[in-house]
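Engineer: Predicted coordinates and the sequence they were generated for:
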Amino acid sequence: MIHISGASTAREMWDQLTTVKESKGQLGVLATRRALYRATAEEGFKMVTHISKIRQLQDELHIMDNLVSDEDFVMILLTSLPESWDNYTTSLFGSSRNKPNVKSHELVAVLLEEDRQQKACNGESSGTALHAHAKSRGKFRGDNPNKDKECYNCHKKGHVSSDCWAKGGGKEGQGLKGRKGLKKGNKVNQAEEVNTDLNDCAYMASPFTHSREITKYDWLLDSGTTSHICTIRDAFTEFRAVDETLNGVGEGTPVKGRGTVNIKFEFDGKTLTHQLRNTLYTPDAPNCLLSLSRFDNTNGKVAFNDGMCWLKNKDGKVIGKGFKHQRLYLLAARAILQERERSNYATTRKLAWDEWHRHFGHISISALQQLDRKDLVSGLNIDQSSIPSHTCTPCIQTKQTHKPFPQEAENRSEIAGERFVSDVWGPAKVTSIRGWNYYISFIDNAKRYDTILFLVKKSDLTERIKGHVTKLKQKFGKAPRYMRVDNGSELVNAEVKKFVEEEGITIETTAPYSPSQNGIAERFNRTILELVHVRVTSIGNRAYCSCQVC
């Protein structure tokens, strides 16, 4: 209030506040602009923190009505990166001919992914990866005393030339590329042989609400994890207790052990068993993860097509499949649970999901999962290792429905004579005096003008159609463009097709058993029949009425 003391009007108050505050506002813009343009990242920086800092400065300028364009933000962000990113930014400018046309949010996503990959290659933790830090094993790459030294042989950081695995180095050919693969052992298909000296990192899929919820028993194909993850203790055939932590996003997730897990894939009526060795046991993880990188280490291949993924071995044989579910690939797999020693006692046998689905009157799998999750039913013992099929034949045959047809057609003509709809009614129960048994109706789609022509037999339909088209040509000076009828052979036959092709008319037919698609003609027939029924009832002589109408 001190800045407006002595002011008697609102105008004077505003002028005094402007005098005091506006100059400082400009100084604030200058200071924020200076901080934005001088923002640079040091080597070893955290990409997420750096981008957040620059975004915050941009938002502050926007609050002060000093806008920073998206193009300027892209250039500021690229120039703020350290020298180690020069090769990447140069390639980015080169691919876009020195005119990068990416949006700022697209660039942020690209930089975060590149930063994650670089740090994963260097054995470091990125801002979005989860790492398992062992407390009982040997040294990790993070303890490397040469991490800041540059090799004179390959010019990469993290080692010296005497320890270099590249050509010309002191340990040429002794790196990971020199390993010849796995030795044949167990007859069970082995999905991978892992290197336990590497840091374990993973992207955890968060639970979400959907018609098909992902549970901790489901397996997801994950390209971000460097180790297989299993949440079920009973699935381990071999187990070694460890004390590790999976850190990164949110609070640390404890790793209680490592071991071997057998999982079964079901597809095309077959069941294949695969063995995952050195799998992490993380009971607090939301779901099980199959590491795509570990699968690739065994020369396995994954093919993606039309929302499906196919896992193949090195010979190209399909050994498993999955399907896309909310941008995640859910595998048709379950871990094989091991039986534990226990006392003999009376208990109810666990049934598969499909069996409970039938016992509960074929309710949906999602409803059954909700009953199990909320423990709403006593004695609902479900075999969690079973896989819901989602292909119940009785449900498919009896629960199919179709959406109602719209009240009006979306392609109604606006020009008279352009399109007409037609339908045939008959035979009549009583033949008229002139011998009529059928009639064909022609209704203009734009003006709803109707015409009725009577028939002795259905074979006369073609001549009636030709005659109606001739009248339309005489009235409008041109033939109609469309003729909408049902799929009856009396209306769609070789003679009619030849005629409409000569006249340039397109036949529009309805789907089988869908008279609602020709609703105009069907409604007209109903109106005419209601009129006839009223006259029959009022006169009391069906034969007389039939003669008068026809």
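Structural biologist: Received, thanks.
Engineer: and the longest strand belonging to the chain, what other elements does it pack with?
Structural biologist: What stands out as the longest strand in the chain, according to DSSP state E, is strand 253-267. Here strand 253-267 touches strand 236-247, strand 270-281, strand 318-325, strand 333-335, going by 3 or more C-beta pairs under 8 Å, 6 or more residues apart in numbering; DSSP states H and E. From N, CA and C alone the C-beta is placed, and that goes for glycine too.
Engineer: For it, which strands pair with it and how are they oriented?
Structural biologist: strand 236-247 (antiparallel), strand 270-281 (antiparallel), strand 333-335 (antiparallel) (DSSP bridges).
Engineer: What are the buried residues along the shortest one?
Structural biologist: Residues of strand 333-335 classed as buried: 333, 334, 335 (neighbour count, 16 or more other C-beta atoms under 10 Å).
Engineer: Just the mean pLDDT for that strand, thanks.
Structural biologist: Taken as a whole, strand 333-335 carries a mean pLDDT of 85.
Engineer: Identify the residues contacting it?
Structural biologist: 217, 219, 230, 232, 235, 261-266, 288, 290, 320, 322, 384-387 (C-beta atoms under 8 Å, 6 or more residues apart in numbering).
Engineer: how about 10 Å then?
Structural biologist: Strand 333-335 is contacted from outside by 217-221, 230-232, 234-236, 261-267, 272, 274, 276, 279, 288, 290, 311, 320-322, 383-387, using C-beta atoms under 10 Å, 6 or more residues apart in numbering.
Engineer: Quick check: ChimeraX command selecting the buried ones in these.
Structural biologist: One line in ChimeraX is enough to select the buried members of the contacts of strand 333-335, burial here meaning 16+ other C-beta under 10 Å:
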select :217,218,219,220,221,230,231,232,235,236,261,262,263,264,265,266,267,272,274,276,279,288,290,311,320,321,322,383,384,385,386,387
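Engineer: Please report phi then psi for residue 400.
Structural biologist: phi -70, psi 140 (degrees, to the nearest 10).
Engineer: Check which helices and strands the host helix or strand of residue 536 sits against.
Structural biologist: Assigned by DSSP states H and E, residue 536 belongs to helix 519-539. In terms of contacts (3 or more C-beta pairs under 10 Å, 6 or more residues apart in numbering; DSSP states H and E), helix 519-539 is packed against strand 419-425, strand 438-444, strand 450-455, strand 482-485, helix 542-549.
Engineer: Where among those is average confidence lowest?
Structural biologist: Among the helices and strands packed on helix 519-539, helix 542-549 carries the lowest mean pLDDT (a mean of 46).
Engineer: of all the helices and strands packed on helix 519-539, which lies closest to residue 45?
Structural biologist: With distances scored as C-beta to C-beta, the stretch of these nearest to residue 45 is strand 482-485 (66.5 Å).
Engineer: Could you list every helix and strand in contact with the closest one?
Structural biologist: strand 419-425, strand 438-444, helix 461-476, helix 494-503, strand 506-509, helix 519-539.
Engineer: Give me the residues contacting it.
Structural biologist: Counting by C-beta under 10 Å, 6+ apart, 409, 411, 413, 418-424, 440, 442-443, 445, 461, 465, 468-469, 491-492, 496, 500, 503, 505-510, 517-518, 520-521 sit against strand 482-485.
Engineer: So among those, which ones count as buried?
Structural biologist: For the contacts of strand 482-485, buried by 16+ other C-beta under 10 Å: 409, 413, 418-424, 440, 442-443, 445, 461, 465, 468-469, 491, 496, 500, 503, 505, 510, 518, 520-521.
Engineer: mind showing which ranges of the protein have poor pLDDT?
Structural biologist: Where the chain drops to pLDDT under 70, the residues are 1-5, 18-25, 91-101, 120-149, 152, 157, 173-213, 247-252, 339-348, 541-550.
Engineer: Quick check: buried residues in the helix ranked longest in it?
Structural biologist: Counting residues, the longest helix in the chain under DSSP state H turns out to be helix 10-37. Within helix 10-37, the residues that count as buried by 16+ other C-beta under 10 Å are 28, 32, 33, 36.
Engineer: Run the chain-centre distance for that helix.
Structural biologist: Its chain's C-alpha centre and that of helix 10-37 lie 49 Å apart, by C-alpha atoms, centre = their mean, to the nearest Å.
Engineer: Kindly report the same for stretch 310-328.
Structural biologist: Put simply, stretch 310-328 sits 16 Å off its chain's centre (C-alpha atoms, centre = their mean).
Engineer: wait, what's in contact with residue 68?
Structural biologist: 32, 33, 36, 54, 57, 58, 59, 60, 61, 62, 76, 104.
Engineer: Ok, which of the helices and strands packed on strand 482-485 comes nearest residue 50?
Structural biologist: It is, among the helices and strands packed on strand 482-485 and with distance given as C-beta to C-beta, strand 506-509, at 61.2 Å.
Engineer: Quick check: which helices or strands does that closest one pack against?
Structural biologist: By 3+ C-beta pairs under 10 Å, 6+ apart, strand 506-509 packs against strand 419-425, strand 482-485, helix 494-503.
Engineer: I'd like those laid out as TSV, including distance to residue 474.
Structural biologist: Supplementary listing: the helices and strands packed on strand 506-509 in TSV, determined by distance: least, C-beta to C-beta, whole Å:
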stretch	distance to residue 474
strand 419-425	15
strand 482-485	17
helix 494-503	13
